[in-house]
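[1] Any chance you can model this:
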Amino acid sequence: MKTTVEIKKMGINGEGIGYINRKVVFVKGALLGETVEVDAQQYKNKNYYFGDLIRVVQASPMRVKNPCRANKECMGCNLLHYAYPAQLKHKKDLIKESLKKYTELDRSQIKIHDIVGMNQKKEFLTQVNLPIVDFKGKVTFGIYQRETKYLTVMTHCLKHHPLINQTLLDLEEILNNTKCKTYNDKFRTGLRFIKIRVFQDKIQLIFITGKDGLKDEVVAGIKKLKYVSGLFMSINTAKYQDFEKQGYKKIFGNSKEELYVDHQKYILSVKSSLPDHIEAFEVENKIIKTMIKESQKVISLNCGNGILEMNLPQEVVAIDNKKENIEDATYNAKALGKDNIRFVYGDSLKKMVPFAKKKDYDTVIIRGINRISDELKDTLRLGKVKTVIYVNSSTSMLAKDLQELSKYYKVIEIKAVDSHIYQSYVTSIVKLIKK
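    Numbering: from 1, shown residues only. Reported below is the predicted structural model:
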């Protein structure tokens, strides 16, 4: 059914929302305030429509030319056609809408700051994990989009650090010149995935392969790339893609690299967590540091590489379930002379309990969880934790957790960082105080 629709609001996935015969229609690529012509379909047993955008009849003043040639099919950046200030407003509105929908909080009593935008809006991604695929008879790197069979080739992504795009193009040439094959499920041979990590002007490469591994000619070709500082490989034929469990074999180069955050050097190993966007990571850390400036003793859950915790003046216990993160964090803390922090390896919740029971840790930082469990809520309550800093990139999950936490804590403020540029996610940092 072809019809004209006026877009009344924006959805949580960046789609425009209008109405056809009083039923909701979702239109990918449409913006607030626009009038668009759509081809609408009402799927069986659904009380709403999906509309394919045919043309924009009346454009929003916030519409900009999409700079990505693959964006029509690629689902990675659903806000590229939206002017950046409007993207930030949209994300703030998402937070407000989620609080309204999922909580009973008095929003007038919560200070919701404007979203902190990024200066670096292109060429910022420091790492990628990509399938190695066959496209028109050529080995390359790409992503099959959700709910479709369309392959987006990722060798020219505007979000990638320039070295990542250069690496992908150089590897594409090497792999095709050496007649490499992509992974074959039946024979369990071939190339599966590539992981690329950027450290300043250097690249760390990890190949996930079938049982035949990497050809000598491939290794020789990669050695000629002067910017590659380390090559690693993992032979993994498992159906499920948890590739780090088997570890990585070093083929050549450095096992560790230098990462600079706020002009401070840290040493990270090949399996240690790396921020996707350094600027966003620095901003998030500064916000958290400011929120807990009056705290005395801090427990930090899912601390990752521990860089935030190493820059806190308080006594800190930092916990993470990734061994490499804790090993690197402990090494860096010692090198920097940070004797106020203790890094602990293991399940964050289980390891937190004995510290919380002491009742002298006044602040807990919670990151890297999908939902707050009942056990964690009880630990916070019984441990007499006065301040909670809660971080989540999903506005709906954030709101649902804040509703649960509001039984014992008052939500004071929300500061959010645009760490997911061009996507309908935003990293919200919330400060809660014990009632």
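
[2] What pLDDT is listed against K245?
    Looking at K245, its pLDDT is 69.

[3] got it, and C74?
    On the pLDDT scale, C74 gets 74.

[4] Now do the closest residue in space to it that isn't next to it in sequence: how many residues are near it, please.
    On the basis of Cβ to Cβ, 6 or more residues apart in numbering, the spatially nearest residue to C74 that is not a chain neighbour turns out to be T152, at 4.3 Å. Bear in mind the C-beta positions are built from the backbone N, C-alpha and C, glycine included. A count of neighbours around T152, defined by other Cβ atoms under 10 Å, yields 20.

[5] Stretch 382-394 - what's its average pLDDT?
    93.

[6] And stretch 42-60, by the same measure?
    88.

[7] Figure out the length between the terminal residues of it.
    Criterion Cα to Cα, to the nearest Å; first-to-last residue distance in stretch 42-60 is 26 Å.

[8] separation between I17 and L31?
    Separation of I17 from L31 (Cβ to Cβ, to the nearest Å) stands at 11 Å.

[9] Contacts only, for I433.
    Neighbour list for I433: K386, T387, Y409, K410, I412 [criterion: Cβ atoms under 8 Å, 6 or more residues apart in numbering].

[10] Angles on the backbone of I208, please.
    For I208, the backbone dihedrals (degrees, to the nearest 10) come out as phi -100, psi 120.

[11] Now the residue lying closest to it once chain neighbours are set aside. Its backbone dihedrals?
    Computed as Cβ to Cβ, 6+ apart, the closest residue to I208 that is not its neighbour in sequence is F193, at 3.9 Å. Backbone torsions of F193, given as degrees, to the nearest 10, read phi -140, psi 160.

[12] just use 673 as the starting number from now, easier for me
    Sure thing, new numbering starts at 673, so read that last one as F865.

[13] check which helix or strand covers V955.
    helix 950-963 (DSSP states H and E).

[14] Strands of the stretch 973-1107 of the chain, residue ranges please.
    987-992, 1013-1017, 1035-1038, 1059-1064, 1081-1089, 1099-1106 (DSSP state E, counting those that start in this stretch).

[15] okay if I get those as TSV plus distance to T675?
    Below are the strands of the stretch 973-1107 of the chain laid out as TSV (distance: least, Cβ to Cβ, whole Å):
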stretch	distance to T675
strand 987-992	52
strand 1013-1017	58
strand 1035-1038	46
strand 1059-1064	38
strand 1081-1089	36
strand 1099-1106	37
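
[16] so where is the stretch 973-1107 of the chain shaky, pLDDT-wise?
    Within the stretch 973-1107 of the chain, no stretch has pLDDT under 70.

[17] before we move on, the earlier item: am I right that the residue nearest to I880 is in contact with V800?
    No: applying Cβ atoms under 8 Å, one finds F865 not in contact with V800, separated by 10.2 Å.

[18] Show me which of those two is the more surrounded one.
    Neighbours of F865 and V800, each counted by other Cβ under 10 Å, are more numerous for V800; the result is 22 against 18.

[19] Return the residues in contact with that one.
    Neighbours of V800 in contact, by Cβ under 8 Å, 6+ apart: M826, H832, I836, I866, K867, I868.

[20] from the residues you listed, which ones fall inside strands?
    Cross-referencing those against strands under DSSP state E gives I866, K867, I868.

[21] List the beta-bridge partners for the last one.
    Looking back up the chat, that one is I868. V800, L877 (DSSP bridges).

[22] those helices in the stretch 823-972 of the chain, which residues are they?
    Here the stretch 823-972 of the chain has its helices, by DSSP state H, counting those that start in this stretch, at 834-849, 888-895, 950-963.

[23] Would you convert the ones you listed into a markdown table that also reports distance to T1067 and mean pLDDT?
    Listed next are the helices of the stretch 823-972 of the chain as a markdown table, based on distance: least, Cβ to Cβ, whole Å; pLDDT from 0 to 100:
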| stretch | distance to T1067 | mean pLDDT |
| --- | --- | --- |
| helix 834-849 | 29 | 97 |
| helix 888-895 | 41 | 98 |
| helix 950-963 | 16 | 98 |
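
[24] Tabulate those helices in CSV, adding columns for distance to I784.
    Supplementary listing: these in CSV, determined by distance: least, Cβ to Cβ, whole Å:
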stretch, distance to I784
helix 834-849, 35
helix 888-895, 48
helix 950-963, 14
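
[25] closest one to L760 among those?
    Nearest to L760 among the helices of the stretch 823-972 of the chain is helix 950-963 (13.0 Å), distances taken as Cβ to Cβ.

[26] which outside residues touch the closest one?
    With contact meaning Cβ under 8 Å, 6+ apart, helix 950-963 is reached by 788, 790-792, 796, 798, 933-934, 947, 979-980, 983-984, 1037, 1059, 1061, 1063, 1085, 1087, 1089-1091, 1099, 1101, 1103.

[27] how about a cut-off of 6 Å?
    V788, M790, Q792, D934, P947, L980, I1061, K1087, V1089, S1091, I1101, K1103 (Cβ atoms under 6 Å, 6 or more residues apart in numbering).

[28] where does the fifth one land on pLDDT?
    In the prediction, the pLDDT value recorded for P947 is 96.

[29] Extract the C-alpha set from the helix holding V955 and format it as CSV.
    Provided in CSV are the C-alpha atoms of helix 950-963 (Å, rounded to 0.1, in the frame of the first residue of the first chain):
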residue,chain,number,x,y,z
ILE,A,950,39.2,7.2,22.9
GLU,A,951,37.6,10.6,23.2
ALA,A,952,34.3,9.2,24.5
PHE,A,953,36.2,7.0,26.9
GLU,A,954,38.1,9.9,28.3
VAL,A,955,34.8,12.0,28.7
GLU,A,956,33.0,9.1,30.5
ASN,A,957,35.9,8.7,32.9
LYS,A,958,35.9,12.4,33.8
ILE,A,959,32.2,12.4,34.4
ILE,A,960,32.4,9.4,36.8
LYS,A,961,35.4,10.9,38.6
THR,A,962,33.5,14.2,39.1
MET,A,963,30.4,12.3,40.4
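
[30] Quick check: buried residues in that helix?
    By neighbour count with 16 or more other Cβ atoms under 10 Å, helix 950-963 contains the buried residues I950, E951, A952, F953, E954, V955, E956, N957, K958, I959, I960, M963.

[31] Kindly calculate the angle that it makes with strand 1081-1089.
    Helix 950-963 runs at 150 degrees relative to strand 1081-1089, counting by axes from the mean of the first three to the mean of the last three Cα atoms, to 10 degrees.

[32] Report the residue ranges of every domain in the chain.
    Per automatic domain parsing, the structural domains of the chain span 674-735, 761-791+946-1106, 799-933.

[33] Quick one: closest of those domains to I939.
    Per Cβ to Cβ, nearest to I939 of the domains of the chain: domain 799-933, 5.2 Å.

[34] now K994: how far from N1064?
    In terms of Cβ to Cβ, K994 sits 19 Å off from N1064.

[35] Thank you, goodbye.
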